[in-house]
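J.: got a predicted structure plus its sequence, pasted below:
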Amino acid sequence: MNRRDFVQKSAVTGAAVAAAGALSAVPAEAASKKKPGKHEPKPRTWSFSILGTTDLHSHVFDWDYYTDAEYTDSKGNSVGVARLATLIKQQRAAKGKDRVLLVDAGDIIQGTSLAYYYARVDPITGGEGHKAPKHPMAIAMNAMKYDAAALGNHEFNYGIELLRKFEKSCDFPLLGANALDAKTLKPAFQPYTVKYIKVPGAPDIKVGILGLTNPGIAIWDKDNVAGKLAFTGLVEQAKKYVPRLRALGCDVVFLTDHSGLDGSSSWGDSLPYIENASNLVAQQVPGIDAILVGHTHVEVSSYTVTNEETGKDVVLSEPYCYGMRLTVFDFELELVRGQWKVTDVAAQTLNPNALEEDKEITKLLKADHELVVKYVNTPVGTCTEELSGAEACWKDEPIMDFIHEVQMKTVAAGLSAADAALPLISVAAPFSRTADIPAGDVTIRDIAGLYIYDNTLYGKKLTGAQLKDYLEYAAKYYALVPSGTAVDTATLTNANSFWDYMYDTAAGVSYDIDIAAAEGSRIKNLSYNGTAVAADQVFVVAVNNYRANGGSGYPHIATADIAYSSTNEIRQLMIDYVTTTGTLDPADFAALNWRLVQGSTPVF
């Protein structure tokens, strides 16, 4: 349990009254009301802002460690908190630093080679013979003066010990009202914090900030949290804590949720709680003024939900991930009989891509960044030919067979004698269409660019019938394209909001995917070693921990018997493979074992 006091006063003085935007005008609806009598105080108004970020994923600078170059995309976005810091300073200067709070919605310490370096190579938890480093994201966010951050699901990827070390290094609380101690069911992290906005000659504005994280942690990081932490629903915990914040006298209740806003879940019926529940929280829990949304890596500048009990509008906003956007919530309040009342909330997202990176952040973290750049450019072997992931989402490409080869070899080496007699196959997703392993020297970043997640490896047992169900579920990734119709790869994939990281290909078995057939009957000619797979035939399936624990809602796999498990990241196993063999040669592992068809006609 975090022992910081739940109520934290901000160092707010009101010294910036004369700054631009300091004193708001009386709202039109207030001006139109009856004028106060002689003995009634004149109504006063005040404004302040909450700035919001989310899904920073350890992007400090505008740099792509996988390409060893500045980040680029087709829309001209930039990434990193260094550039955001400049925008945040501009907002504080324009509005008055004492009128601005800064909040994050989670997923801070995972996602780049920088994050991996300080979790595994030189971990912030310390090692033998030297002092533990401080996490670069803690350094940056402390310098930027964050007031609070919600816990994201990826905060738990490296284990609770590392998360706790990161938490201690932060000058702001990590909030998670629905992250509970598994034994006591009491909060394991601080549920909320309260900040005070000073108003000269009037009562402070009391702002309650409640943090909620994603229940999916119980699935996705089961190995790290099972028996230690429990995660309940966002709506359930908001119903508990929002009234508490109001009872404490909060004039404004603000939520930071690591949860999307469409009411969907990726895990089917595996959990009783909703993954993307921010809209449901706004709809079902009275007393909320605004919600900073995270988790889904989309930009929603402003979205309004009407609370079904009070009829009050709640404003939600999700800034784009990696520091590409900053949300600005602007609050207008009126002093009514000695208490502040919110009269208006507006939200917008701002793009920092035209700004320079903040000099303070650059000075603080340049050495850490350069250390990681040197690390990821370390050669580990050579490759006989270029391997590209550009078409791996619709073709059986050697670059994916590299992942399958490493997974199967690793699982095979760890099986019991009985399980070693079973047929072994592998499933894996094409995480990155820009992945490219060049001919010649292969570096750590080349492999990291192919396997971008910190997943570990399992071997689980599925029957032939279950395997077919698994592959049918994966095949809904493709749009229906009737026979005789031209196939356009621009519209072929990601049907049913099934994203690349959710789509698994398989190696070790052969099969066709008929994109002209209805979902549920697309897998044809499923065979093992030239023989049709029998319904009761048992396979050991090499699979990452995210999928093995129920991630993306695949059938059967979460409850399947375990034949093998490891705490080693698959990415590191791939690096070790190249380091050990010295040469990455697709002739050693590439095999065409699946294809897309329309009826019986191959697509490619």
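T.: Everything's here; your move. Numbering: from 1, shown residues only.
J.: can you show me the strands along the stretch 251-400 of the chain?
T.: Using DSSP state E, counting those that start in this stretch, the strands of the stretch 251-400 of the chain run over 252-257, 290-293, 300-306, 313-318, 326-336, 339-350, 379-383, 387-388.
J.: the shortest one packs against which elements?
T.: Contact here means 3 or more CB pairs under 8 Å, 6 or more residues apart in numbering; DSSP states H and E; on that basis strand 387-388 packs against helix 398-414, strand 436-437. (C-beta placed from N, C-alpha, C; glycine too.)
J.: same list, these, but as CSV with mean pLDDT please.
T.: Converted to CSV, the helices and strands packed on strand 387-388 look like this (pLDDT from 0 to 100):
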stretch, mean pLDDT
helix 398-414, 97
strand 436-437, 97
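J.: so which of those gets nearest residue 476?
T.: helix 398-414 (19.1 Å; CB to CB).
J.: show me what counts as buried in whichever helix or strand comes after that closest one.
T.: Beyond helix 398-414 on the C-terminal side, the first helix or strand identified by DSSP states H and E is helix 417-420. Residues residue 419 are the ones in helix 417-420 that count as buried (16 or more other CB atoms under 10 Å).
J.: can you list the low-confidence ranges for this protein?
T.: 1-43, 129 (pLDDT under 70).
J.: 90 - rerun?
T.: 1-43, 127-131, 266-270, 566-568 (pLDDT under 90).
J.: pop the domain breakdown of it in here.
T.: Domain assignment for the chain by automatic domain parsing gives 41-57+98-108+146-350, 379-602.
J.: export the helices and strands packed on strand 387-388 as a markdown table, with columns for distance to residue 58 and mean neighbour count.
T.: Listed next are the helices and strands packed on strand 387-388 as a markdown table, based on distance: least, CB to CB, whole Å; neighbours: other CB atoms under 10 Å:
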| stretch | distance to residue 58 | mean neighbour count |
| --- | --- | --- |
| helix 398-414 | 23 | 21 |
| strand 436-437 | 22 | 20 |
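J.: about what we covered before: which of the domains of the chain sits most buried?
T.: domain 41-57+98-108+146-350 (a mean of 21; mean count of other CB atoms under 10 Å).
J.: distance between the ends of stretch 320-331?
T.: 21 Å (CA to CA, to the nearest Å).
J.: is residue 436 bridged to anything, and to what?
T.: residue 388 (DSSP bridges).
J.: just the helices in the stretch 451-600 of the chain please.
T.: 464-475, 489-492, 545-548, 570-581 (DSSP state H, counting those that start in this stretch).
J.: looking at those helices, which is closest to residue 119?
T.: Closest to residue 119 of the helices of the stretch 451-600 of the chain is helix 570-581 (CB to CB; 11.5 Å).
J.: what angle separates that closest one from helix 398-414?
T.: Angle, helix 570-581 to helix 398-414, by axes from the mean of the first three to the mean of the last three CA atoms, to 10 degrees: 90 degrees.
J.: what would the strands of the stretch 251-400 of the chain look like in a markdown table with distance to residue 536?
T.: Listed next are the strands of the stretch 251-400 of the chain as a markdown table, based on distance: least, CB to CB, whole Å:
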| stretch | distance to residue 536 |
| --- | --- |
| strand 252-257 | 45 |
| strand 290-293 | 46 |
| strand 300-306 | 47 |
| strand 313-318 | 46 |
| strand 326-336 | 53 |
| strand 339-350 | 54 |
| strand 379-383 | 41 |
| strand 387-388 | 37 |
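J.: how about the ones you listed, which one is nearest residue 443?
T.: Comparing the strands of the stretch 251-400 of the chain by CB to CB, strand 379-383 comes nearest, at 5.4 Å.
J.: my guess is residue 479 contacts residue 515. True?
T.: Yes. Using CB atoms under 8 Å, residue 479 is in contact with residue 515, at 7.2 Å.
J.: now for the two: what residues contact both?
T.: Listed contacts common to residue 479 and residue 515 are residue 492; contacts here mean CB atoms under 8 Å, 6 or more residues apart in numbering.
J.: break down the stretch 1-150 of the chain into its strands, ranges please.
T.: Going by DSSP E, counting those that start in this stretch, the stretch 1-150 of the chain shows strands at 45-53, 63-64, 69-70, 100-104, 148-150.
J.: got these as a markdown table, with distance to residue 562 columns?
T.: Listed next are the strands of the stretch 1-150 of the chain as a markdown table, based on distance: least, CB to CB, whole Å:
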| stretch | distance to residue 562 |
| --- | --- |
| strand 45-53 | 38 |
| strand 63-64 | 36 |
| strand 69-70 | 41 |
| strand 100-104 | 35 |
| strand 148-150 | 32 |
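J.: how far out from the middle of the chain is stretch 525-544?
T.: 33 Å (CA atoms, centre = their mean, to the nearest Å).
J.: of the helices and strands packed on strand 387-388, which approaches residue 464 most closely?
T.: helix 398-414 (17.9 Å).
J.: now distance to residue 199 too, for the helices and strands packed on strand 387-388, in a markdown table please.
T.: Converted to a markdown table, those look like this (distance: least, CB to CB, whole Å):
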| stretch | distance to residue 199 |
| --- | --- |
| helix 398-414 | 58 |
| strand 436-437 | 56 |
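J.: could you check how far the nearest residue to residue 362 once chain neighbours are set aside is from residue 381?
T.: In space, and not counting its chain neighbours, residue 362 is closest to residue 82: 5.9 Å by CB to CB, 6 or more residues apart in numbering. Noted for residue 82: a distance of 33 Å to residue 381, by CB to CB, to the nearest Å.
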